[in-house]
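**Student:** Take a look and give me a structure for this.
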Amino acid sequence: MSVSYSFTPEHAQLVLGANDSNLPYLEMLLSSDLSVRGTSISADGDIPMFVPFMKRLEKAASERGALKEAEIFMEFQYLSEPDAIPVETDKLQITAAGKTIYPKSKSENRLFSALRTSEVVFASGPAGTGKTFVSVIWALSEVLSGRKSKLLLTRPVVEAGESLGFLPGDLQQKLNPYLRPLYDAMEYVLTPSQIKRLEESGAVEIAPLAYMRGRSVNNAVMILDEAQNATKSQMRMFLTRLGENSQAIATGDPSQIDLPHRSDSGLIEAIETLDGIHGVSVIRFSHNDTVRSRIVREIVKAYTDKGRREGDEQSGF
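**Tutor:** As a prediction, the model looks like this:
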């Protein structure tokens, strides 16, 4: 017994790769021998998820172009979980500067939805799950569309003890190494020169968290990255900067707290205190949501399991 699926001619190579280079990886995921004839792919045996999986891959290829192993794995993981969302109902997207991104996991799907509906969003979970990337692209889409006038990027600078005055260069030069992941996300949709113009016009602003005290931020999207390293007082200060027509987003990984004591983390306290309040969304990511690559997902899972065995990781994150 076998099962088959036919791709449209323009999508077959995007899914299967040049010279069917993705075929061995697909065989490993499905634990089945696969064969390709023209634009059709067949699997030996009765594999209920085969056709839905191929549909998801074709949809992903139509949206993103040629698929890599990490993207194939995310679609496989998406369907492998019992509450997977059918491919036909997954319509969420974010567009900024002509580039469109789509959710790659169910948690990203929930984050997309929360960003549209909530004034305060917490995205908590392991590295590589897309928390910061999605948040930055969302914020840029809000600014570039004119719905917001400013994107304010901030993070606690624990490694420098918040004592930036002793570092060489102006404020932006001092902060750049700490904010590099945020710039990487912006550079997915904008050139460095475009980002520089936005900074010069004030549409994009970077600031260390400690420098935000006393401000009221209106008509803006504020993103606090590495929020697990914000102290309780810093987190409260960040959230209370929220002015008229503004949105606050805090992203962080509670397993990577650099503060002297885990209990000092403002992210953990804020989630425990504010979850359930109208206008506040808490999105919890897990190792299953890791989108960087299969091996990164396995690394994150291994460390998460080790932390649970040793009692280092708080349940619920």
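
**Student:** So what's the residue count around Val121?
**Tutor:** 25 (other C-beta atoms under 10 Å). All C-beta atoms are positioned from the backbone trio N, CA, C, and that covers glycine.

**Student:** pLDDT averaged over the one helix or strand it maps to - what is it?
**Tutor:** Here Val121, judged by DSSP states H and E, is contained in strand 120-124. Looking at strand 120-124 alone, the average pLDDT works out to 97.

**Student:** From the chain's centre, how far out is it? Work that out for me.
**Tutor:** 11 Å (C-alpha atoms, centre = their mean, to the nearest Å).

**Student:** Same check on stretch 63-72?
**Tutor:** The answer for stretch 63-72 is 16 Å, by C-alpha atoms, centre = their mean.

**Student:** Pull out the buried positions in it.
**Tutor:** Across stretch 63-72, burial judged by 16 or more other C-beta atoms under 10 Å covers 67, 69-72.

**Student:** With stretch 49-62 instead?
**Tutor:** Neighbour-count burial for stretch 49-62, counted by 16+ other C-beta under 10 Å, picks out 50, 52-61.

**Student:** Point out the other helices and strands that the strand holding Val121 packs with.
**Tutor:** Applying 3 or more C-beta pairs under 8 Å, 6 or more residues apart in numbering; DSSP states H and E, we find strand 120-124 packed against helix 106-117, helix 131-144, strand 247-252, helix 266-274, strand 280-284.

**Student:** Out of the ones you listed, which gets nearest to Asn218?
**Tutor:** Of all these, strand 247-252 sits nearest to Asn218, with 11.3 Å by C-beta to C-beta.

**Student:** re earlier: just want the angle from the strand holding Val121 to strand 280-284.
**Tutor:** Put simply, strand 120-124 runs at 10 degrees to strand 280-284, going by axes from the mean of the first three to the mean of the last three C-alpha atoms, to 10 degrees.

**Student:** if we can go back for a sec, from the buried residues of stretch 63-72, which ones fall inside helices?
**Tutor:** 69-72 (DSSP state H).

**Student:** got the contact list for the residue most central in space within the chain?
**Tutor:** The chain has Gly130 as the residue nearest its centroid, 1.7 Å off, counting by C-alpha atoms, centre = their mean. Gly130 makes contact with 104-105, 108, 111, 285, 289, 291, according to C-beta atoms under 8 Å, 6 or more residues apart in numbering.

**Student:** Would you mind measuring from it to Lys106?
**Tutor:** 12 Å (C-beta to C-beta, to the nearest Å).

**Student:** Which residues are in contact with each of these two?
**Tutor:** Here Gly130 and Lys106 share the contacting residues Asp289, scored by C-beta under 8 Å, 6+ apart.

**Student:** that older thread, ok, residues contacting the strand holding Val121?
**Tutor:** So strand 120-124 is in contact with 111, 114-115, 131-132, 134-135, 227-228, 239, 242, 247-254, 267, 270-271, 274-275, 279-285, 317, going by C-beta under 8 Å, 6+ apart.

**Student:** let's see it at 7 Å
**Tutor:** Contact with strand 120-124 is made by 111, 114-115, 131, 135, 239, 248-252, 254, 267, 270-271, 279-285, 317, as judged by C-beta atoms under 7 Å, 6 or more residues apart in numbering.

**Student:** Residue ranges of each domain in the protein, please.
**Tutor:** Following automatic domain parsing, one finds the domains of the chain at 2-88, 91-310.

**Student:** need the ones in helices among the buried residues of stretch 63-72 in TSV with distance to Met212, can you?
**Tutor:** Shown next, in TSV, are those (distance: C-beta to C-beta, whole Å):
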residue	distance to Met212
Glu69	40
Ala70	35
Glu71	37
Ile72	41
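
**Student:** Can you tell me which of those lies closest to Lys148?
**Tutor:** Glu71 (29.8 Å).

**Student:** And the strands in the chain?
**Tutor:** In the chain, the segments counted as strands under DSSP state E are 2-6, 34-37, 40-44, 94-96, 99-101, 120-124, 150-155, 204-208, 220-224, 247-252, 280-284.

**Student:** Can you add distance to Gln77 and give the ones you listed back as a markdown table?
**Tutor:** Output for those, formatted as a markdown table (distance: least, C-beta to C-beta, whole Å):
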| stretch | distance to Gln77 |
| --- | --- |
| strand 2-6 | 19 |
| strand 34-37 | 19 |
| strand 40-44 | 18 |
| strand 94-96 | 21 |
| strand 99-101 | 18 |
| strand 120-124 | 19 |
| strand 150-155 | 29 |
| strand 204-208 | 33 |
| strand 220-224 | 26 |
| strand 247-252 | 21 |
| strand 280-284 | 16 |
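
**Student:** So which of the ones you listed is nearest Arg262?
**Tutor:** Nearest to Arg262, of the strands of the chain and by C-beta to C-beta, is strand 247-252 at 12.5 Å.
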